[in-house]
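Undergrad: Curious how this folds, go ahead:
(one chain, ligands or ions: 2)
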Amino acid sequence: MKLATQDKSFFPQNMKEKLEAIRLMGFDAFEIDGSRLINEFQDVKKAVQETAVPVVTACGGYRGWIGDFDKEKRKSAVQDIISILCHLERIGAQGIVVPAAWGMFSKRLPPLIPPRSEEQDRAVLLDSLDKLNEAAKETGTYIYLEPLNRYEDHMLNRLEDAVSLIEEGRFSNVKITADFFHMNIEEPKIEDSIRKAKKYIGHVHLADSHRYQPGDGHLDFSSGLKALKEIGYTGYLAFECRVLGVPELEVYRQSVKYIRELLQRI
Ligand code: LER
Ligand code: MN
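TA: Residues are numbered from 1 along each chain as shown. Ligands and ions are numbered 1, 2, ... in the order given. Here you go, the predicted structure:
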């Protein structure tokens, strides 16, 4: 398994310097914001070529959500994600992380009752994913569908929710992002859920129990990483976390070391 990171405020702004700093910190690759990929495409492409540090995935950076309540916003999300996929293809990247929606509605917070039925949610998601699956096939990329915890999304919370959609739609190019922070809240046992979803896990997000850097909280990463190893997962573990402690860069580097050591031991 290889390590990637999203952008951080303490990384250099310049893309080439950013990728070089990422490598020095112990990462193998970068997960980029989708709008930055598009807006600074030539810069990103050149930086990847010059540093040989790959951009492997995109996350965010598009309008609306694929499961948006608003039809026009869903259309924008699908359209923007397709454009991001086309740019990812041009730099040989793998795909984009896509939740059903993020922060649009939670059934655990007032007003508790969403404006759409579960059946309608499902129909809308299948429709968006059908369009995205075609675009992903054409570009040789993947949609990494991401279940989020109950407070951040009401449609897809567990890995099995994403599996069920992928199986119903028979989507060849839709896989799952297994995010340890969300799994820690939603999965009864992270390692069992990983094993059950083994055919579909294509990407992983890492953060500790409190959404800060791995190693700082109380999440047991070793059992989850062991399950990933057992199922033959050889993809990226992308750090998606805030950083607690100073200096941030050093604390972050320690966290990379912590995960690398765990990977050696499992
Ligand atoms: C949000 O909590 C999250 O995990 C992101 O990856 C959203 O795509
Ligand atoms: Mn995530």
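Undergrad: Up against ligand 1, what does the stretch 1-150 of the chain have?
TA: For the stretch 1-150 of the chain, the contact set with ligand 1 under Cβ under 6 Å from any ligand atom comprises 59, 97, 99, 102, 146, 148. To be clear about C-beta, it is placed using only N, CA and C from the backbone, and glycine gets the same treatment.
Undergrad: Quick one: residues contacting the last one.
TA: Contact analysis of L148 by Cβ atoms under 8 Å, 6 or more residues apart in numbering lists 99-100, 102, 156-157, 179, 182.
Undergrad: What subset of those residues is buried?
TA: With neighbours counted by 16 or more other Cβ atoms under 10 Å, the contacts of L148 contain buried members at 99-100, 156-157, 179, 182.
Undergrad: burial of N39, as a residue count?
TA: If you count neighbours by other Cβ atoms under 10 Å, N39 ends up with 11.
Undergrad: Revised request: answer the last question for E168.
TA: When neighbours are defined as other Cβ under 10 Å, E168 has 12 of them.
Undergrad: Phi first, then psi, for Y142.
TA: For Y142, the backbone dihedrals (degrees, to the nearest 10) come out as phi -130, psi 150.
Undergrad: and the gap between the residue lying closest to it once chain neighbours are set aside and ligand 1?
TA: Excluding the flanking residues, the one nearest Y142 by Cβ to Cβ, 6 or more residues apart in numbering is G95, at 3.4 Å. G95 sits 13 Å away from ligand 1, taking Cβ to the nearest ligand atom, to the nearest Å as the criterion.
Undergrad: So in terms of bridging, what pairs with G95?
TA: When bridges are called by DSSP bridges, G95 pairs up with T57, Y142.
Undergrad: and stretch 117-130, average pLDDT?
TA: Regarding stretch 117-130, the rounded mean pLDDT is 98.
Undergrad: Show me the two of the buried ones among the contacts of L148 that sit farthest apart.
TA: A100 and D179 (13.2 Å; Cβ to Cβ).
Undergrad: that older thread, of the contacts of L148, which is the nearest to D127?
TA: A100 (12.2 Å).
Undergrad: residue contacts, that closest one?
TA: For A100, counting by Cβ under 8 Å, 6+ apart, the contacting residues are 65-67, 121, 125, 145, 148, 153, 155-156.
Undergrad: interface residues of the chain facing ligand 2?
TA: 179, 205, 240 (Cβ under 5 Å from the ion).
Undergrad: The contacts of L148 in strands, which ones?
TA: 99, 179 (DSSP state E).
Undergrad: Distance of S9 relative to ligand 2?
TA: In this structure, S9 and ligand 2 are 18 Å apart, going by Cβ to the ion, to the nearest Å.
Undergrad: Tell me if that residue really is in a helix.
TA: No - going by DSSP: H, G, I helix; E, B strand; the rest coil, the assignment for S9 is coil, not a helix.
Undergrad: burial of it, as a residue count?
TA: S9 has 7 nearby residues by other Cβ under 10 Å.
Undergrad: before we move on, what about S172?
TA: 12.
Undergrad: list the contacts for the residue found closest to R116 once you drop the neighbours it is linked to in the chain?
TA: With Cβ to Cβ, 6+ apart as the criterion, R116 has its nearest non-adjacent residue at 6.1 Å, and that residue is F69. By Cβ under 8 Å, 6+ apart, the contact set of F69 is 104-105, 114-116.
Undergrad: For V124, see how far away the residue lying farthest from the centre of the chain is.
TA: Within the chain, P111 marks the point farthest from the mean C-alpha position, 28.1 Å out by Cα atoms, centre = their mean. Taking Cβ to Cβ, to the nearest Å as the measure, P111 falls 20 Å from V124.
Undergrad: Check I81 too.
TA: 15 Å.
Undergrad: which of these two has more neighbours?
TA: Between I81 and V124, I81 has the larger neighbour count (other Cβ under 10 Å), namely 25 against 21.
Undergrad: The helix or strand harbouring that one - what's its average pLDDT?
TA: Using DSSP states H and E, I81 sits within helix 71-90. Across helix 71-90, the average pLDDT comes to 99.
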